[in-house]
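Enquirer: A structural model of the following input is requested.
(one chain, ligands or ions: 1)
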Amino acid sequence: MAAADDVVELNLDQENICKVNLHGATLTSWLCDGTEMLFVSQQAVFNNVKAIRGGIPIVYPHFGPWELGPQHGFARISRWTLEKPPAKDGDTVSATFLLQDNENTRQMWQDNRFNLFYTVIIGKRQLKLKLDVRNEGNDSFEFTTLLHTYFKTLDVNKVTISGLKSLKYIDKVRQSKKFVEENDLVTVKEFVDRLYIGSVDRNEVTNLNGNQNVVMTRVNLPDVVVWNPWQEKAKVMSDFGDEEYKEMICVEAGYVAKPRSLSAGARFEASVVLDVI
Ligand code: TA6
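Expert: All right, here's what the predicted structure looks like:
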């Protein structure tokens with residue numbers, strides 16, 4: 001269980017609340033009209049060291065295995081600060097979190113100087129997530145970034161994902177070869193680990209918790225990763241229950257197919273809006 005002083009709550013009302021753990025600025029709960037929309041493993045570790053298994057971990061500055069540091073980069077295992085506390089603004093509540101370069105990140109990542117702002121905005125049946133990367137150094141740098149969203153579902157076999165047809169994807173289950181998606185709706189009935197490249201900016205994910213659907217609208221995050229470890233991989237993950245693959249699906253919005261270059265003093269802004277329909 002997370003310690004109370006690690007968690008920032010954004011309370012729209014009793015039925016619409018989200019919680020962000022300062023470890024990784026990991027959004028660990030999104031209660032939408034009383035229904036939990038996100039999956040967090042019962043075996044997730046909250047020791048402020050390991051990445052939290054579930055919710056919405058932030059991948060930055062590198063998606064995937066990284067020769068300079070931990071897989072998926074350091075953002076999700078760093079201590080973030082609360083830059084702007086939760087504040088009500090009309091019919092939403094928002095808060096902003098900040099990760100700045102520090103001795104640890106500079107040692108790992110070629111002394112790059114950056115500010116990474118992450119704003120969470122909860123509204124009625126809506127969650128908006130905004131990333132704002134600022135290059136504070138004198139040299140340009142390259143990065144990839146992704147919001148590693150674990151959606152909760154009653155049965156992963158019933159989940160469908162739209163908006164991927166005709167896209168090229170890298171299939172990590174098939175030697176990372178490239179394929180083209182032929183289905184209007186992608187379903188998940190086995191171990192799936194795919195990076196869809198340059199998809200349209202809108203995907204509908206159906207049959208999530210409470211038999212609800214989520215429309216994911218992306219700005220400046222052209223790629224979509226779909227992942228479910230299924231039975232075999234689940235068994236070898238220490239922070240994931242053997243049967244938990246049945247109740248989650250990762251549909252992840254990212255800028256990951258190729259690095260994004262950011263010149264000195266420049267900003268990269270991106271967002272994801274999740275609407276429950
Ligand atoms: O979701 C895509 C992915 O890169 C998968 O390949 C799998 O490794 C997953 O992320 C989880 O990675 P993690 O480092 O959190 O175990």
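Enquirer: residues from the protein in reach of the ligand?
Expert: 51, 64, 71-72, 148, 172, 193, 225, 227, 250, 252 (CB under 6 Å from any ligand atom). For the C-beta atoms, the positions are set from N, CA and C on the backbone; glycine is no exception.
Enquirer: show me the residues you listed that map onto helices.
Expert: Applying DSSP state H to the residues of the chain next to the ligand, no entry is found in helices.
Enquirer: out of these, who has the most neighbours?
Expert: Neighbour counts for the residues of the chain next to the ligand peak at residue 225, which has 26 neighbours (criterion: other CB atoms under 10 Å).
Enquirer: contact partners for that residue?
Expert: Counting by CB atoms under 8 Å, 6 or more residues apart in numbering, residue 225 makes contact with 63, 146, 148, 193-196, 250-252, 254, 256.
Enquirer: who does it bridge with?
Expert: Beta bridges link residue 225 to residue 195, residue 252, judged by DSSP bridges.
Enquirer: that one and residue 171, how far apart?
Expert: 11 Å (CB to CB, to the nearest Å).
Enquirer: intersection of neighbour lists for the two?
Expert: Joint contacts of residue 225 and residue 171 (CB under 8 Å, 6+ apart) are 193-194.
Enquirer: if we can go back for a sec, and which of the contacts of residue 225 is nearest to residue 15?
Expert: Distance ranking of the contacts of residue 225 against residue 15, using CB to CB, places residue 251 first at 23.8 Å.
Enquirer: list the contacts for the closest residue to the ligand within the chain?
Expert: For the chain, the residue closest to the ligand is residue 227, as judged by CB to the nearest ligand atom, at 3.4 Å. The contact partners of residue 227, by CB under 8 Å, 6+ apart, come to 192-194, 250, 252.
Enquirer: so for it, what's the pLDDT?
Expert: Note on residue 227: pLDDT of 98.
Enquirer: same check on residue 199?
Expert: Confidence score, pLDDT, at residue 199: 77.
Enquirer: give me phi/psi at it?
Expert: Main-chain torsions, residue 199, degrees, to the nearest 10: phi -80, psi 170.
Enquirer: that one and residue 217 touch, don't they?
Expert: No - taking CB atoms under 8 Å as the definition, residue 199 is not a contact partner of residue 217, at 11.7 Å.
Enquirer: higher neighbour count, these two?
Expert: residue 199 (21 against 17).
Enquirer: tell me who's in contact with that one.
Expert: 163-164, 167, 222-224.
Enquirer: possible to save those residues as JSON lines with pLDDT, secondary structure and neighbour count?
Expert: Below are the contacts of residue 199 laid out as JSON lines (pLDDT from 0 to 100; DSSP: H, G, I helix; E, B strand; the rest coil; neighbours: other CB atoms under 10 Å):
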{"residue": "163", "pLDDT": "97", "secondary structure": "coil", "neighbour count": "21"}
{"residue": "164", "pLDDT": "97", "secondary structure": "coil", "neighbour count": "21"}
{"residue": "167", "pLDDT": "97", "secondary structure": "coil", "neighbour count": "19"}
{"residue": "222", "pLDDT": "98", "secondary structure": "coil", "neighbour count": "19"}
{"residue": "223", "pLDDT": "98", "secondary structure": "strand", "neighbour count": "23"}
{"residue": "224", "pLDDT": "98", "secondary structure": "strand", "neighbour count": "28"}
